[in-house]
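Trainee: Build me a model from this:
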Amino acid sequence: MTYRTISMTLMMAAVLAGCSPPPAVEKTAEAPAPAASSPSADHAAMPSAPKTDDEIMKAALSAAPADVAAGAAVVEPSADGTMRQIRAGTNGFVCMAHPEVMCLDQQWQEWADAWMHKRAPKITAVGIGYMLQGDVGASNIDPYATKQTADNQWVVTPAHLMVLTPDAKQVDALPTDPNGGGPWVMWKGTPYVHIMVPTVPMKK
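Mentor: Model prediction:
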């Protein structure tokens, strides 16, 4: 949910650019978006951030299935922290390529704002977020951890989707072990609890 590193603040600010009327932009791509690339079985963090709008859009849209990516907005944080909309969306999803590849629906955008401001999110429906290129890792128990420690259950997840539920009690019966061979609950007992659903096997 790359909402997982110290650079997450920038990324979440980019998400929020899609929640309200878009800010002034430096450039808006008019050409149709390229098709989303196939999800990778392993974490596919790019060695460097994509440079052109076409590269950014292709990378960002690879976070989600093609049918979701087709109608998603694409945003990119600038070096000074301002947000740039590359493409407007039609389905409520917002995708970004940097600092991690992610595509979030409106419930996850509310979650992102809550995380940024350290308040409880107001989740009113099931929320879906896609990270089909994997992530760079996060603590399984601490929503604000920025690096691995001996006791914070750090986990790097390959291609996955993330699920929010308006009733946190619905996750009580689910496991919290990321190595159990299926979905698990991350950040249980916090306002930011959600379900992680790998779409490929977890690395041992």
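
Trainee: tell me the residue furthest from the middle of the protein?
Mentor: Largest separation from the mean C-alpha position in the chain: Ala150, at 25.2 Å (CA atoms, centre = their mean).

Trainee: Helix, strand or coil: sort out it for me.
Mentor: With DSSP: H, G, I helix; E, B strand; the rest coil as the basis, Ala150 sits in coil.

Trainee: ditto for Met162
Mentor: Per three-state DSSP, Met162 ends up strand.

Trainee: Confirm for me that it is in contact with Val126.
Mentor: No: the criterion here is CB atoms under 8 Å, and Met162 misses it with Val126 at 11.1 Å. All C-beta atoms are positioned from the backbone trio N, CA, C, and that covers glycine.

Trainee: who has more neighbours, those two?
Mentor: Met162 (23 against 13; other CB atoms under 10 Å).

Trainee: residue contacts, the more buried one?
Mentor: Listed by CB atoms under 8 Å, 6 or more residues apart in numbering, the contact set of Met162 reads Met1, Trp108, Ile128, Gly129, Tyr130, Met131, His194, Ile195, Met196, Val197.

Trainee: List the ones among those that fall in strands.
Mentor: Ile128, Gly129, Tyr130, Met131, His194, Ile195, Met196, Val197 (DSSP state E).

Trainee: Which residue, neighbours along the chain excluded, lies closest to the last one?
Mentor: In other words, Val197. Pro183 (4.5 Å; CB to CB, 6 or more residues apart in numbering).

Trainee: Pull the contacting residues for that neighbour.
Mentor: Taking CB under 8 Å, 6+ apart as the test, what Pro183 contacts is Leu174, Pro175, Ile195, Met196, Val197, Pro198.

Trainee: So for the third one, what's the pLDDT?
Mentor: When you say that, I think you mean Ile195. Listed pLDDT for Ile195 reads 98.

Trainee: Next one: it from Lys147, what distance?
Mentor: 24 Å (CB to CB, to the nearest Å).

Trainee: When the two are compared, which one has more neighbours?
Mentor: When Ile195 and Lys147 are compared for neighbours, Ile195 comes out ahead with 19 against 10, by other CB under 10 Å.

Trainee: I figured the more buried one hits Ala173, correct?
Mentor: No: in this structure, Ile195 is not within contact of Ala173 by CB under 8 Å, at 11.3 Å.

Trainee: list residues touching both of these two?
Mentor: Contacts common to Ile195 and Ala173, judged by CB under 8 Å, 6+ apart, are absent.

Trainee: For this protein, which segments are assigned as helices?
Mentor: 8-16, 53-61, 66-69, 106-117 (DSSP state H).

Trainee: Same list, these, but as CSV with distance to Trp187 and mean pLDDT please.
Mentor: As requested, those are arranged in CSV below (distance: least, CB to CB, whole Å; pLDDT from 0 to 100):
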stretch, distance to Trp187, mean pLDDT
helix 8-16, 13, 42
helix 53-61, 25, 94
helix 66-69, 24, 97
helix 106-117, 10, 94
